[in-house]
Each structure stands twice: as structure tokens, then as C-alpha cells.
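Engineer: Build the 3D model from these lines:
(one chain, ligands or ions: 3)
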Amino acid sequence: MIINPNKLSSDSKQIANHNEQFDHLASRLSKQNIEVPSLVDKLAAFQVAIPSWALGAGGTRFGRYSYFGEPASLEQKLEDIGVLHSLTRSAGAVSLHIPWDIPTDYKAVKELAFELDLRFDAVNSNTFQDSVGAKHSYKFGSLSNTSIGARQQAIAHNKEVIKIGEKLGSKSMTVWLADGSSFPGQHNFQTALSNTQDSLKEIYKSLADDWKLFIEYKPYEPYFYSTVIQDWGTSFMLANQCGEKAYTLVDLGHHLPNTNIEQIVSTLMFKGKLGGFHFNDSKYGDDDITVGSIKPYALFLIFNELVYGMANNPQNPELSWMIDASHNLKDPLEDLIQSLEAIQITYAKALLVDQDLLKQAQKEHDVSLCQEILQEAYLTDVRPLVRQARLKLNAPLAPLQTYRNLGVREQLIKERGKNTVATGL
Ligand code: LRH
Ligand code: MN
Ligand code: MN
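Structural biologist: Residues are numbered from 1 along each chain as shown. Ligands and ions are numbered 1, 2, ... in the order given. Alright, predicted model coming up:
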């Protein structure tokens with residue numbers, strides 16, 4: 001389904017309401033010496049990739065409840081992201097997962113992506129599942145496995161993913177390893193790490209000069225005693241071992257409770273080694289629920305460091321942003337619209353932080369003022385700025401409402417039927 005652009009304009013009453021709210025906020029912010037037009041431009045330029053596995057209803061280990069009209073093919077996944085991008089103009093990229101999304105006709109897939117104004121962001125390899133007919137099993141690890149055969153198979157798969165990405169115009173690959181152990185004594189930690197390091201170095205050799213390798217970390221799950229790449233330090237060390245094209249990827253859900261993620265982001269950007277970023281939210285673990293739905297202030301503090309890093313750390317490359325969320329209850333497209341909205345809102349709030357004043361207050365050890373400065377930005381209702389960016393991009397002012405008014409899900413069910421299952425987590 002491709003949405004007719006003529007159906008995306010907001011009505012005159014909505015626009016008049018918006019203009020009133022925007023003018024009010026813009027004049028208030030201008031008095032604080034905030035350059036509103038450049039802030040709106042930054043919001044309009046911010047694009048987040050959608051992973052192919054977020055478009056179906058996700059599963060938990062206890063079950064998976066299908067959501068009707070889910071995309072069944074790569075082409076249909078692209079169309080869903082096209083819908084999101086038309087409604088928000090902020091989801092202009094797709095992150096594919098191999099082997100779930102191997103194109104059969106590269107030319108056709110590229111043409112469709114072009115038509116939908118979508119770019120191919122990082123490609124993701126998968127060595128956390130055995131593929132049908134594979135010679136070696138990943139039950140006891142992939143890049144870290146003590147079996148050379150399993151390691152070589154996993155290395156070959158990653159090299160294959162790079163090739164697939166090259167054909168699509170992608171410029172990076174993300175490696176997330178499930179490798180770990182569930183019982184003390186099961187792994188020799190040093191052997192597992194050393195095998196992983198050697199395997200990653202081998203994969204890195206296949207990376208073209210304009211490509212990047214993102215190494216994702218996660219403390220636990222699917223294994224519950226140890227994980228080979230458990231934290232940012234391990235990922236950072238491995239990225240350094242590989243070389244300058246390798247970076248750490250931070251996924252918000254991949255931390256133990258109360259970890260200071262903003263400090264991790266800051267440290268990595270200072271070292272020029274933050275490459276990718278996965279948005280989601282969680283209450284307990286890697287819950288992968290809607291961005292900003294549980295800890296919006298924590299997200300703001302993280303965004304504040306990202307904004308600071310983007311302005312002050314030229315040694316860090318442009319980040320590859322992606323939403324890594326998927327769950328069981330909501331319409332996946334509605335959920336993604338809400339996540340995109342939360343990202344834009346939080347980015348806008350972080351852009352409002354008066355960095356000069358904050359620096360001065362930090363210098364003077366005025367702790368209360370430091371907090372006031374952050375709160376001032378966080379408590380500002382920035383939605384008119386986000387809507388202004390949408391207006392500029394010819395996107396509807398209220399994407400979720402427009403999605404419902406247009407009956408997108410009903411249309412998808414009509415086209416695809418009720419018994420659809422998207423490949424994914
Ligand atoms: C596992 C995970 C990871 C993704 C990957 C495909 O935790 O969600 O975050 O990047 O699967
Ligand atoms: Mn992730
Ligand atoms: Mn995850």
C-alpha cells in the first residue's frame with residue numbers, strides 16, 4: 001500500500017491551531033536567544049531507520065499473537081516503512097536482517113525503496129539461530145565457538161551479509177552476538193573472547209573503506225550466566241582491535257537496571273567510537289517497548305549527551321539511528337509512529353538545553369542551577385516545534401490520527417489478509 005500524498009495535508013483548522021501554538025512558543029524561545037528556524041531544520045533532518053523485524057507483532061518466549069495484515073515479504077515490509085515515512089517524514093531508512101530479508105530481485109527492491117524515498121541503513125547479521133540445512137549449529141556459540149567449523153560458518157555468513165548490503169547500497173553492518181554461557185564453568189572466558197576477537201578481525205577485512213562495522217553489546221539473554229560481548233567496554237575494546245571502521249553500538253535496552261547510559265554515550269563520543277544507536281524503552285530488561293513510554297527523563301538525559309557530542313565531538317562519525325522495538329499488543333505501525341514522535345520530542349527538548357549557561361554553572365559549581373537548566377528544557381512543551389518540522393516536510397500534523405482516519409490497517413488487511421506472519425524476533 002502506498003499512501004496518496006494528497007491525502008496527507010492537514011485541514012485548515014488544524015493548521016490555524018498549530019500556527020497559534022507555534023508562534024507563541026517561537027516568540028518565547030526567541031527571547032531566550034534560541035534560533036528557532038535552525039532548531040526546526042535539525043528536527044526536520046533527523047531520520048531514524050526502521051528495522052524489518054519491527055513491522056510484525058513481536059513475540060515473547062511465551063507466545064506470539066499475530067497482528068492482522070502484517071507484511072509477509074521484503075517488499076511489503078518496505079511498503080510499511082514507506083507508510084511510516086509518508087506520515088512522519090522521519091523514517092527514511094530501513095535496516096534489514098539477513099537471512100530474514102534476502103532480496104530475490106535486487107533491482108526491484110532498490111527501485112521500490114527509491115520510489116518510497118527509503119535508504120538502506122545498517123544490515124544485520126544473524127548467528128543466533130540455526131538456518132535450515134546449516135552444517136554447524138550455533139547452540140554453543142558462533143564467532144566465539146570452540147569449534148572452528150562453527151566459527152568459520154559464522155564468519156562466512158557475516159561476509160555474505162556485507163555483500164548483500166553492498167548490492168543494496170548499505171554502508172554498515174551491525175553484529176549482535178547471542179554468544180554466552182548459562183552455567184558457571186561452561187565457558188573459558190578468555191578463549192571465548194579471543195575467538196570472538198579473531199573472528200571479528202577476519203570479518204573486518206571484508207569491509208570496504210566507506211563501510212562501518214557496529215558491534216552491539218548486551219549483558220544477558222539468551223544466556224543467563226555470561227555473555228561474550230556483555231558491555232560497552234568489551235565492545236569498545238573489540239572495535240579498537242578491529243580498526244578505525246569499527247564502532248560500538250548502544251541499544252537502550254541492553255543495560256542492567258539503573259546503568260548511567262548517558263555517561264556511556266558521552267564517553268564513547270569523546271573517544272570517537274559511537275557508531276550506532278538503537279531506541280526503545282524498558283522497565284526491567286531488554287523489553288523493547290515504545291520509545292519514551294517508561295523513562296522519558298532518562299531518554300532526555302541521554303539525548304542531551306548525544307546533542308552535546310554531535311556539536312562538540314567531530315572525532316565521532318554521524319550516528320546510525322534505529323528503532324529496535326517490537327512487542328505483542330499494539331498495531332506495530334501505530335507503535336512506531338509513537339516511537340518516532342517520542343524521539344523527535346526528546347531531541348527537540350535536548351536542543352533547548354542552554355549549553356553555555358550549563359557550562360558556566362558547572363564551572364561555578366552551582367549544582368542547583370545545573371539542574372534548573374536541564375529541567376527548563378525538559379519541561380518545555382516542544383510539540384509545536386515537532387509539528388512545525390512536519391509541516392515543513394509536507395507531513396500531516398497528527399500522524400497517528402491520520403493513520404487511523406485513512407484506515408491504513410484496514411486497507412492492509414484487505415490487501416494481505418488476516419493470517420499473516422512477519423518474519424522477525
Ligand atoms: C537482541 C536484538 C538486538 C538487535 C537484534 C537483531 O537483543 O534485539 O538488539 O539488534 O536482536
Ligand atoms: Mn538492538
Ligand atoms: Mn535487543
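
Engineer: doesn't residue 22 fall inside a helix?
Structural biologist: Yes. Assessed with DSSP: H, G, I helix; E, B strand; the rest coil, residue 22 lies in a helix.

Engineer: And the residue nearest the centre of the chain, how far from ligand 1?
Structural biologist: Centroid-nearest residue in the chain, with C-alpha atoms, centre = their mean: residue 322, separated by 1.7 Å. Between residue 322 and ligand 1 the computed distance is 8 Å (C-beta to the nearest ligand atom, to the nearest Å). Any C-beta I mention is one placed from the backbone N, CA and C, and that applies to glycine too.

Engineer: So what does that residue have for phi and psi?
Structural biologist: The phi/psi pair for residue 322 (degrees, to the nearest 10) reads phi -150, psi 150.

Engineer: Ignoring the adjacent residues along the chain, who's closest to it?
Structural biologist: Once flanking residues are discounted, residue 322 sits nearest to residue 49: 4.3 Å by C-beta to C-beta, 6 or more residues apart in numbering.

Engineer: could you check the distance from that neighbour over to ligand 1?
Structural biologist: Counting by C-beta to the nearest ligand atom, the gap from residue 49 to ligand 1 is 11 Å.

Engineer: Beta-bridge partners for that residue, please?
Structural biologist: residue 93, residue 322 (DSSP bridges).

Engineer: Can you tell me which residues in the stretch 301-425 of the chain are near ligand 2?
Structural biologist: Contact residues, the stretch 301-425 of the chain versus ligand 2 (C-beta under 5 Å from the ion): residue 324.

Engineer: Which residue comes closest to whichever residue of the stretch 301-425 of the chain sits closest to ligand 1 once chain neighbours are left out?
Structural biologist: The nearest approach of the stretch 301-425 of the chain to ligand 1 comes at residue 324, 5.0 Å away (C-beta to the nearest ligand atom). In space, and not counting its chain neighbours, residue 324 is closest to residue 278: 3.7 Å by C-beta to C-beta, 6+ apart.

Engineer: Kindly report the same for residue 342.
Structural biologist: Using C-beta to C-beta, 6+ apart and skipping the chain neighbours, the partner closest in space to residue 342 is residue 292 (3.1 Å).

Engineer: In which helix or strand does that neighbour reside?
Structural biologist: Of the helices and strands defined by DSSP states H and E, none includes residue 292.

Engineer: and the next element down the chain from the one helix or strand the residue nearest to residue 324 maps to?
Structural biologist: Secondary structure from DSSP H and E places residue 278 in strand 274-279. Following strand 274-279 in sequence order, the next helix or strand is helix 296-312 (DSSP H and E).

Engineer: and that next one, how far out from the chain's middle?
Structural biologist: 15 Å (C-alpha atoms, centre = their mean, to the nearest Å).

Engineer: So which elements touch that helix?
Structural biologist: With contacts taken as 3 or more C-beta pairs under 8 Å, 6 or more residues apart in numbering; DSSP states H and E, helix 296-312 sits against helix 261-270, helix 332-351, helix 367-378.

Engineer: ok, and what's touching that helix?
Structural biologist: 252, 261-263, 265-266, 269-270, 274, 277, 281, 291-292, 316, 319, 342, 346-347, 349-351, 353, 355, 374, 377-378 (C-beta atoms under 8 Å, 6 or more residues apart in numbering).

Engineer: how much space between residue 357 and residue 364?
Structural biologist: In this view, residue 357 and residue 364 are 11 Å apart by C-beta to C-beta, to the nearest Å.

Engineer: of those two, who's got more company?
Structural biologist: Taking other C-beta atoms under 10 Å, residue 357 and residue 364 do not tie; residue 357 has more neighbours (15 against 10).

Engineer: May I ask you to confirm that that one is in contact with residue 374?
Structural biologist: No. Using C-beta atoms under 8 Å, residue 357 is not in contact with residue 374, being 10.7 Å away.

Engineer: Alpha carbons only: can I get stretch 267-282 in PDB?
Structural biologist: C-alpha atoms of stretch 267-282 as PDB (Å, rounded to 0.1, in the frame of the first residue of the first chain):
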ATOM      1  CA  THR A 267      32.500   8.600  26.800                       C
ATOM      2  CA  LEU A 268      32.100   6.800  23.500                       C
ATOM      3  CA  MET A 269      31.600  10.000  21.600                       C
ATOM      4  CA  PHE A 270      34.500  11.600  23.300                       C
ATOM      5  CA  LYS A 271      36.600   8.700  22.000                       C
ATOM      6  CA  GLY A 272      35.000   8.900  18.600                       C
ATOM      7  CA  LYS A 273      33.700   5.400  18.800                       C
ATOM      8  CA  LEU A 274      29.900   5.600  19.000                       C
ATOM      9  CA  GLY A 275      28.600   4.400  15.600                       C
ATOM     10  CA  GLY A 276      25.000   3.200  16.100                       C
ATOM     11  CA  PHE A 277      22.100   3.800  18.400                       C
ATOM     12  CA  HIS A 278      19.000   1.600  19.000                       C
ATOM     13  CA  PHE A 279      16.000   3.300  20.500                       C
ATOM     14  CA  ASN A 280      13.500   1.500  22.700                       C
ATOM     15  CA  ASP A 281      12.300   1.600  26.300                       C
ATOM     16  CA  SER A 282      12.100  -0.900  29.200                       C
END
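
Engineer: Now do the contacts for the residue in the stretch 101-250 of the chain that ligand 2 sits nearest to.
Structural biologist: Closest approach between the stretch 101-250 of the chain and ligand 2, counting by C-beta to the ion: residue 216, at 5.6 Å. Residue 216 makes contacts with 174, 175, 176, 177, 229, 235, 249, 251, 254, 276, 278, as judged by C-beta under 8 Å, 6+ apart.
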